[in-house]
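1. Curious how this folds, go ahead:
(chains A and B)
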Amino acid sequence: MKVIEINNVHKIYNETEIPVRAVDGVTLCFDEAEFAAIVGPSGSGKTTLLNLIGGLDSPTSGEILIDGINLSGLKSSELIDFRMMNIGFVFQAYNLIPVLTAKENVEFIMNLQKWSRKERDERTFELLKAVGLYERADSRPAKMSGGQQQRIAVARALASRPRFVLADEPTANLDSKSAATLLEIMEKLNHEEKITFIFSTHDARVVKMAHRVITLEDGKVVSDDVRE
Amino acid sequence: MVNYVCLSDQSKTMKNYRIAWRNLWRNKRRTLITVGSVFFALFFALILRSLQLGSYDHMFKNVIESYTGYIQVQNEEFKDNSVVDNAFEFTPEIQKTLMANKNISDIIPRFESFALASSGALTKGVLVLGIDPEKEALLSNIKERLVCYKLTASVIDTLKRKNFSQEFISGLELFRGEGYSSEIILQSDLGISDRDATSVMPVIKKTAYFANGYISAGKQEALVGDKLAKFLKVDIGDTLILLGQGFHGTTAAGKFVIAGIVRMPTSDIDNKIVYLPVDVCREFYNASDMMTSVVLSVKDNSDKAIKSTIRTLGQKIPLPLRLIGWREMNELLISQMDADDKSGRILIGVLYLIITFGIFGTVLMMTIERKREFGVLVAIGMQKSKLAAVISVEMFYIGLLGIISGIAAALPVIIYGQYHPMRLSGEYVKIYESYGMEPIMPFMPVDNYFIWQSGIVSLIVVVSIFYPLRKIYKMKVVNSLRA
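-> Residues are numbered from 1 along each chain as shown, chains lettered A, B, ... in the order given. Reported below is the predicted structural model:
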């Protein structure tokens, strides 16, 4: 079942004298529960493509459909709500809310979605257990290691059971042990929760675990390998 | 299936105030600097305003209670044309009507005109003021203006023989012939420091002591200004001849024994004032039953009571008499105070302007520092309006903390200052004393100005919120995530 359809999407930046074609005619589809990695050299358009899929940026041309809904047709506030309800984000620099505890960070989006307290608590502790940080529920991000923070970020991204999770270089700032733990957790959650994961990455370990690897170069898809 | 909903009313369950409160303490230093800016702005504004308004109040009370009074009865022509012919007949009926009013405690009659004063070959145009010696002493403290020290030639010669410094002795010559009604002004004029005063002043006071007198009702006596006495070369016990125009063009002429010498606050008045007992003065001007003005002593001097008294009595007294309130009688003083008040407001305005930039600076810094965080929050699904609400609550907290602490700090200072007013020193003492005022700067009690100043500071905080709010609403999430 197709979750994401990307049809001939272009993203051209005209901020410099020579326009930069960050994404150049990309057409892709992502199915439910995929575990896909977008790879490519720096400047190949990985992050831009992820931003376009996440509705953080708008394409110059082409269309991006999520379950048949064209993101370009949504107003700014509708797009924000759409992201809240359907997309989980994992950032390279974790970007947890520093004044909230691990538990509060995880339940942040559930709060925005008006979940009941009981539902929030159940889901939060379920996820904290899944990422192995149940005991750190009351710790603030500043008191946690990078790996722990990124695990909380993954838990936050999954909290409201989004349709898919976009992870931009999630292991880039982590040591190998933390990165391996994080990847295992994400693969497990992908399997258990049937949530699509799309990574942009340089990390060979992520590539190795991915079920599908899309390679970008100069904004174009040069390969799209699906592994069994 | 896709969870596409548009939440028109974002969740209230995420407590904005809690996040905002925690955000405040993420960067304690920045928060404290901003709170400090608000605190100092309000603290100084309240103190300055309280002092300014307190000083005005003090001055007004002094001027009103020592000379004009709160209400006067005059012929309606007298204010613009202060001549004897515009005096009015002060009948027992009028007196009875005035005293029947509950707010009137006493009536102080005055007769004011001009004359030519002469002594020997010297003459000078003078202002003649007929007063009730006893009642006027209570209203305008005229007895406190009686000269009690005089630096006559013999006094200066005596002081020169004392063991004083050469500098002091040479300075004495500058004040030859000057009379003083206040020890503080005498000390100030002679440049004697407070440290030296204890040893020097007793000697000077003893040497320069001036045995003064006062006028009595029914006696042909006069009090003259110190400078006028100097000009006419007269002293206590000398005779002063007055010649002028009496009521309805009659000739007014009389001889008066100088019973006392007064020193008035302004040289202009000191140079031309002659006080006579009011009954004698009226006889002199051939206006036996007449008065040029009557000062009404009031029990309640609040604006409301004064207006009410003027309105009530105004309907009862016959034309051409009218009642004049203290504001109308002191128009010049009020306009001077207004001008001073404006300069005070400008000063506070400058203070606010500086503080505004201080607050805005920290808000600007906070907005730039948190650009990425704002981007992340909107990226993961927080509506910009909700984010703006959190930031507004943060600024509200800062404003509230600053305002509460500013008021809390200013309040005890102001209350203390009310009961223990600041004592002035140096030249200010001389100025205040010369006007017969206590040289103090009292604080104005808590009043409307508290609300005004707090309101202005709140407005500054509200205005400073606009910058982060504008940034939030104009934010491009992708750019913010790259910050």
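
2. any idea of the pLDDT on the closest residue to chain A within the stretch 201-350 of chain B?
-> Proximity of the stretch 201-350 of chain B to chain A (Cβ to the nearest Cβ) peaks at B:Ile348, 36.1 Å away. C-beta here means a position set from N, CA and C on the backbone, and glycine is covered the same way. Here, the pLDDT recorded for B:Ile348 equals 85.

3. mind listing what it touches?
-> The neighbourhood of B:Ile348, defined by Cβ atoms under 8 Å, 6 or more residues apart in numbering or on different chains, consists of B:Ala45, B:Leu48, B:Arg49, B:Gln453.

4. Can you get me a residue count around the second one?
-> When you say that, I think you mean B:Leu48. Residues lying near B:Leu48 (other Cβ atoms under 10 Å in any protein chain shown) number 16.

5. one step back: off-centre distance for the strand or helix carrying the residue of the stretch 201-350 of chain B closest to chain A?
-> B:Ile348 belongs to helix B:331-369 when assigned by DSSP states H and E. How far helix B:331-369 lies from its chain's middle: 21 Å, per Cα atoms, centre = their mean, to the nearest Å.

6. How about residues contacting the next helix or strand after it?
-> Counting by DSSP H and E, the next helix or strand C-terminal to helix B:331-369 is helix B:371-379. Residues from elsewhere that reach helix B:371-379 (Cβ under 8 Å, 6+ apart): A:54, A:56, A:80, A:83, A:89, A:91, A:95, A:97-98, B:384, B:387, B:471-472, B:475, B:477-481, B:483.

7. what about burial for the residues you listed, which qualify?
-> A:54, A:56, A:80, A:83, A:89, A:91, A:95, A:97, B:384, B:387, B:471-472, B:475, B:477-478, B:480-481 (16 or more other Cβ atoms under 10 Å in any protein chain shown).

8. Show only the entries of the contacts of B:Ile348 found in helices.
-> Under the assignment DSSP state H, the contacts of B:Ile348 contribute B:Ala45, B:Leu48, B:Arg49, B:Gln453 to helices.

9. if I pick the closest residue to A:Arg227 other than its chain neighbours, what's in contact with it?
-> Among residues not flanking A:Arg227 along the chain, A:His211 sits closest, at 5.5 Å (Cβ to Cβ, 6 or more residues apart in numbering or on different chains). By Cβ under 8 Å, 6+ apart, the contact set of A:His211 is A:Glu34, A:Phe35, A:Ala36, A:Val226, A:Arg227.

10. Please list only the buried members of the residues you listed.
-> Among the contacts of A:His211, those buried by neighbour count (16+ other Cβ under 10 Å) are A:Glu34, A:Phe35, A:Ala36.

11. Any chance of TSV for the residues you listed, columns secondary structure?
-> Listed next are the buried ones among the contacts of A:His211 as TSV, based on DSSP: H, G, I helix; E, B strand; the rest coil:
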residue	secondary structure
A:Glu34	coil
A:Phe35	strand
A:Ala36	strand
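
12. that older thread, now, among the contacts of A:His211, which is nearest to chain B?
-> The closest of the contacts of A:His211, once distances to chain B are taken by Cβ to the nearest Cβ, is A:Glu34, at 16.0 Å.

13. in the sheet, who's paired with the residue nearest to that closest one when sequence neighbours are not counted?
-> Distances taken as Cβ to Cβ, 6+ apart place A:Thr196 nearest to A:Glu34, at 4.7 Å, with adjacent residues excluded. Taking DSSP bridges as the rule, A:Thr196 bridges to A:Phe164.

14. Who are the contact partners of A:Thr196?
-> A:3-4, A:30-36, A:163-165, A:190.

15. where's it relative to chain B, distance?
-> Here the criterion is Cβ to the nearest Cβ, to the nearest Å. By it, A:Thr196 lies 12 Å from chain B.

16. same deal with A:Asp57?
-> 5 Å.

17. just checking, that residue touches A:Asn51?
-> Yes. Between A:Asp57 and A:Asn51 there is a contact under Cβ atoms under 8 Å: 4.2 Å.

18. shared neighbours of these two, anything?
-> B:Val478.

19. Name the helix or strand for B:Val295, please.
-> Per DSSP H and E: strand B:293-298 holds B:Val295.

20. tell me the secondary structure for B:Ala115?
-> strand.

21. Next, count neighbours for the closest residue to chain B within chain A.
-> Residue of chain A nearest chain B, by Cβ to the nearest Cβ: A:Met84 (2.4 Å). Neighbours of A:Met84 under the rule other Cβ under 10 Å: 25.

22. buried ones in whichever helix in chain A runs longest?
-> Looking across chain A with DSSP H, the single longest helix is helix A:176-193. Applying a neighbour-count criterion of 16+ other Cβ under 10 Å, the buried positions in helix A:176-193 are A:Ser178, A:Ala179, A:Thr181, A:Leu182, A:Leu183, A:Ile185, A:Met186, A:Leu189, A:Asn190.

23. Low-confidence regions, chain B specifically.
-> For chain B, the stretches with pLDDT under 70 are B:1-15, B:65-67, B:430, B:433-438.

24. can I see the domain layout of it?
-> As assigned by automatic domain parsing, chain B contains the domains B:16-62+B:333-482, B:69-329.

25. For the closest residue in space to B:Arg423 that isn't next to it in sequence, which residues are in contact?
-> Nearest residue to B:Arg423 in three dimensions, chain neighbours excluded: B:Ile440, at 5.8 Å (Cβ to Cβ, 6+ apart). The neighbourhood of B:Ile440, defined by Cβ under 8 Å, 6+ apart, consists of B:His58, B:Pro421, B:Met422, B:Arg423, B:Leu424, B:Tyr432.

26. near chain A, which residues of the stretch 251-400 of chain B show up?
-> Residues of the stretch 251-400 of chain B lying close to chain A by Cβ under 8 Å from any Cβ of the partner chain are B:372-373, B:376-386.

27. Just the helices from chain A, written as ranges.
-> Under DSSP H, chain A gives helices at A:46-53, A:76-86, A:102-106, A:108-112, A:117-130, A:146-158, A:176-193, A:204-209.

28. Can you add mean pLDDT and distance to B:Tyr285 and give the ones you listed back as a markdown table?
-> Below are those laid out as a markdown table (pLDDT from 0 to 100; distance: least, Cβ to Cβ, whole Å):
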| stretch | mean pLDDT | distance to B:Tyr285 |
| --- | --- | --- |
| helix A:46-53 | 93 | 99 |
| helix A:76-86 | 91 | 87 |
| helix A:102-106 | 92 | 91 |
| helix A:108-112 | 87 | 90 |
| helix A:117-130 | 90 | 94 |
| helix A:146-158 | 90 | 98 |
| helix A:176-193 | 85 | 108 |
| helix A:204-209 | 87 | 112 |
